[in-house]
Each structure stands twice: as structure tokens, then as C-alpha cells.
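Participant: one predicted model, sequence on top.
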Amino acid sequence: MICKMLNISYPIIQAGMAGGPTTPELVAAVSEAGALGTLGAGYMSPKQIGEAIHSIQKLTTEPFAVNLFLPQHYEIDEKQILKMQQHLNTYRKQLGIPEVDRVPDRQDLFEQQLQVVIDSGVKIVSFTFDQPSQSLVEMLQSAGIIVMATATTVKEAVALESSGVDIIVAQGSEAGGHRGTFLNVKDESMIGTMALVPQIVDTVSCPVVAAGGIMDGRGIAAALTLGASAVQLGTAFLTVEESGASEIHRQAVLSSCDTDTKITKAFSGKSARGFHNKMMVEVERVGGIPPYPVQHVLTSDIRKEAARKGNQELISMWAGQASALARKQSAFELVEGLVQGFKKAVDNVPKELKQVKRLKP
């Protein structure tokens, strides 16, 4: 059903990873392969979004989605921010960039971002970080746009369904990058994908997409068996040829093991899973981390310069718990491998289970 709804060949969605990994080339290649590519546009300006969408549309006529961050409500604590700036200046000194001793300005561009997406003719939009209002969902649906949103608990899934979203992405705690939690943020539950998906499937009536820790055909088979209608993968696409991830990020993924990631608020002020490094550990130890998106803005100059200089101790490198399963290949090869791996996983089901008609009491 979801393949027909999204007009795709395979129930596979490439996650909208903001910050650079989802290049137009990656999004187009995924969609051309029969899955659904997604542009991670959360950090992009309206102009950048329009240009990226135009580039994708020149590369493919297949459907693709755009992911946006819903606006966050937060309070400005100037003392907290200036104290954090003092600590962050130690990293700026190391990198040779100007120190900062002020509270940054923050402009909410969500409405402009969304308008560009609508005007560009995109027919699939996904949201994270909050619950879209019913009026927003209805407005998009009246424009022929399919609406997806992220839940990390059953309660959040119920809230999203009440808003009328078409598809719910069930994000398990294994997932790389930012958590989509929007209820009980201060005491958020870290529910694994295998536990979360069937509970959401049993509670809501709309299609559910499993996300978190899925890297190959085995993961797809497991997710669909749990009742998911499709899967969403992010980390697996970080190391493909078309990815915009930095070289040090790619190498960190390719050389990783199962214990290399942790969830932190150090880089953005919002819980996100990535590879632990010096900056993550030290900022957490200092404490007093401003909320998202303030902390994201505070650390942005450091992360950009560190990435430019190849300093992996001072950048955020998001990845999921199954990152060690990532491989160097093209996006087409990855999608093809996912499909073939799924078929193999299904074929490997013990024949005794396939032949069971009725269990004896």
C-alpha cells in the first residue's frame, strides 16, 4: 500500500539527513533506484532549498521527499549562553578562529522554507522535532502533498495520527542523528526499534515506517515482519558515493564498531546519536547546555572549521548503532543490495516454520 501511495517500487526510504549528506545527487540516485530519496532541508535557507530541489528535478522525474524541522519553542538564558560561549572559545582558539562573547541572533525560517517546498511542486514532505498542527497537515494535503512525521513513542504516534498525518515514522533509539521526540522531552524514553514498531503498528491505523538500526535486507525483513509498511535508513547512505558526508565522517562510519556511538545534547542542545569524541565528552562535563536550536548555532562555526581542517574531535558525526555494517558503494548498489538481502533473509526462514499449519497443543 505504501509503495502505491508514494509511487515507489520498494518500501525503502532514505532518511532526510540535514547538514550536507543528502546531496541532490544522492536523493535523485535513490529515487532512480526505486526507493524514496529525501532532501534533508532543516538547516538550509529557503534559497538553498529551492536550488537543491531544482537540481534534483533535473536529475530525476521520480518522486522524492523533503524533510523539514518544525519550529522549536525555547527560552533564552543569556547567562547560560555566555557561559557556554566561554567554554566553546577554548575550541575556537585551537582552531584559530575568532572567539565569540555574545548571544547570537536566531531567525525562524520555517514558513519560508515550507513555502519554497510547496511552490517547487514536491509531493511528499516529512517533519520531525514536533507534532504538525492539524491545520498545517490539512493545508498540505489539500495541495496534494503526502505528510510524514516522526514518533519515538506510542503516545507521540497517537498524537500524530490525531493531526491527520498520512505516514508515521517510528524512530527507535538505535537511530543516528537527532531524536524526533516532542512529548516528555526532558525525560524521553529510549525505546528500541524492535520494541517500538509493533506497539505503534497495533495502535494507529496509518502506515508505519520503521527507522533505527536498519542497515541491510535482514533489517528490512525484521521490520516488515513486525508490521511496518516500509523502512527508513540513514547511516547506510552516509558512505555511498553520492553522499555529501565529509571524508572524516565517512571513515569514522566505515571503521566503527557497535559501541562507538552515544546520545548527546553537546552539539545542538537536542538529543542526537553520534560518535563520541573530545568535544562531546567535555561539553557534557561542563553542563549547562542551552536548548536546541541555540546550542546548534553556538557550535556551528566550530564544527564547520573542524570539518574543514579534518579535526574529528571537534565535529558532530551522527551515526546509528549499526554503523559498522556500512559499506562503500553507490546508492543504486545499496538499494539493489537491500532488496536482494531482503529476499535472501526471507528465503532463510527455517522450512519447519514455513510448513507449520497448526501448532499442537
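Facilitator: Right, received. Where do you want to start?
Participant: can you pull out the strands in this structure?
Facilitator: 12-14, 37-40, 64-69, 124-128, 146-151, 167-171, 177-178, 208-211, 230-233, 261-264, 272-275 (DSSP state E).
Participant: any chance of those strands in a markdown table, with distance to residue 114, mean neighbour count and mean pLDDT too?
Facilitator: Using the backbone N, CA and C atoms, a C-beta is placed for each residue, glycine as well. A markdown table is the format used below for the strands of the chain (distance: least, CB to CB, whole Å; neighbours: other CB atoms under 10 Å; pLDDT from 0 to 100):
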| stretch | distance to residue 114 | mean neighbour count | mean pLDDT |
| --- | --- | --- | --- |
| strand 12-14 | 20 | 28 | 98 |
| strand 37-40 | 13 | 29 | 98 |
| strand 64-69 | 6 | 26 | 98 |
| strand 124-128 | 8 | 26 | 98 |
| strand 146-151 | 11 | 26 | 98 |
| strand 167-171 | 18 | 28 | 98 |
| strand 177-178 | 19 | 25 | 97 |
| strand 208-211 | 21 | 29 | 98 |
| strand 230-233 | 21 | 27 | 98 |
| strand 261-264 | 28 | 19 | 96 |
| strand 272-275 | 23 | 23 | 98 |
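Participant: out of these, which is closest to residue 191?
Facilitator: Within those, the stretch nearest residue 191 is strand 167-171; the backing value is 9.0 Å (CB to CB).
Participant: using PDB, write out every CA atom in the closest one.
Facilitator: Presented in PDB, the C-alpha positions along strand 167-171 are these (Å, rounded to 0.1, in the frame of the first residue of the first chain):
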ATOM      1  CA  ILE A 167       2.500   8.200   7.400                       C
ATOM      2  CA  ILE A 168       4.300   7.800  10.800                       C
ATOM      3  CA  VAL A 169       8.000   7.100  11.100                       C
ATOM      4  CA  ALA A 170       8.700   5.100  14.200                       C
ATOM      5  CA  GLN A 171      12.200   6.100  15.200                       C
END
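Participant: run through the neighbouring helices and strands of that strand.
Facilitator: Strand 167-171 sits against strand 146-151, helix 154-163, helix 193-201, strand 208-211, with contacts defined as 3 or more CB pairs under 8 Å, 6 or more residues apart in numbering; DSSP states H and E.
Participant: so which bits of the third one are buried?
Facilitator: If I follow you right, that is helix 193-201. 193-194, 196-201 (16 or more other CB atoms under 10 Å).
Participant: mind listing what residue 67 touches?
Facilitator: 15-16, 18, 38-42, 125-128 (CB atoms under 8 Å, 6 or more residues apart in numbering).
Participant: got the helices and strands packed on strand 167-171 as JSON lines, with distance to residue 137 columns?
Facilitator: Converted to JSON lines, the helices and strands packed on strand 167-171 look like this (distance: least, CB to CB, whole Å):
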{"stretch": "strand 146-151", "distance to residue 137": "5"}
{"stretch": "helix 154-163", "distance to residue 137": "5"}
{"stretch": "helix 193-201", "distance to residue 137": "18"}
{"stretch": "strand 208-211", "distance to residue 137": "17"}
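Participant: if we can go back for a sec, distance to residue 336 added to the buried residues of helix 193-201, as JSON lines?
Facilitator: Shown next, in JSON lines, are the buried residues of helix 193-201 (distance: CB to CB, whole Å):
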{"residue": "193", "distance to residue 336": "23"}
{"residue": "194", "distance to residue 336": "25"}
{"residue": "196", "distance to residue 336": "28"}
{"residue": "197", "distance to residue 336": "25"}
{"residue": "198", "distance to residue 336": "28"}
{"residue": "199", "distance to residue 336": "32"}
{"residue": "200", "distance to residue 336": "29"}
{"residue": "201", "distance to residue 336": "27"}
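Participant: out of the residues you listed, flag the one nearest to residue 278.
Facilitator: So of these, ranked by how close each gets to residue 278 (CB to CB), first place is residue 193, at 29.6 Å.
Participant: nearest residue to the closest one in space, please, no chain neighbours.
Facilitator: Spatial nearest neighbour of residue 193, excluding adjacent residues (CB to CB, 6 or more residues apart in numbering): residue 172 at 2.8 Å.
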